[in-house]
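Enquirer: Fold the stuff below for me.
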Amino acid sequence: VQLVESGGGLVNPGGSLRLSCVASGFVFSGYAMSWYRQRPGAKRGWVAGLRRADGPREYGEFVKGRFTIDRDDAQNTVYLAMTLLHTDVTAVYYCRALTYGPLIYWGQGTQVTVSS
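Expert: Reported below is the predicted structural model:
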């Protein structure tokens with residue numbers, strides 16, 4: 001089982017990024033996918049979730065319309081499009097897969113840094 005995030009990096013305030021998380025080793029469509037983040041000195045916190053491709057998208061309060069979660073079950077990939085980035089977005093972003101059991105898998109994380 002693997003979840004591999006990519007797409008992080010250094011971006012200027014007001015910029016955009018799209019994170020990707022590619023899954024392997026399990027039946028991706030059967031899992032609810034989420035993004036979490038861990039800011040320096042803080043606990044890991046939930047960012048966004050999407051149970052099914054045609055399901056409702058759910059977001060943490062701090063997102064305020066700036067992020068969009070999406071998934072492509074044919075590509076075993078979940079995305080997080082991030083816009084209007086502010087320095088408060090700086091964190092390591094992780095994807096998580098969850099199904100009944102519960103079975104939970106985490107990726108290794110990708111660093112997002114917003115700085116001028």
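
Enquirer: you'd agree Ser29 is up against Ala74?
Expert: No. If you go by CB atoms under 8 Å, Ser29 and Ala74 don't touch, sitting 9.1 Å apart. In short, each C-beta sits where N, CA and C put it, glycine included.

Enquirer: where along this structure do the strands fall?
Expert: 2-6, 9-11, 17-24, 32-38, 45-50, 57-59, 67-72, 77-82, 91-99, 103-106, 110-114 (DSSP state E).

Enquirer: Can you give me the pLDDT of Val47?
Expert: As predicted, Val47 sits at a pLDDT of 98.

Enquirer: do Cys95 as well
Expert: So, for Cys95, pLDDT stands at 98.

Enquirer: how about Arg66, what does it touch?
Expert: Met82, Thr83, Leu84, Leu85 (CB atoms under 8 Å, 6 or more residues apart in numbering).

Enquirer: center of this structure, which residue is that?
Expert: Against the mean C-alpha coordinate of the chain, by CA atoms, centre = their mean, the closest residue is Trp35 at 3.0 Å.

Enquirer: picking up where we left off before, which two of the contacts of Arg66 have the greatest separation?
Expert: Pairwise distances across these peak at 8.3 Å for Met82 and Leu84 (criterion: CB to CB).

Enquirer: who's more crowded, these two?
Expert: Ranked by neighbour count (other CB atoms under 10 Å), Met82 and Leu84 place Met82 first, with 25 against 13.
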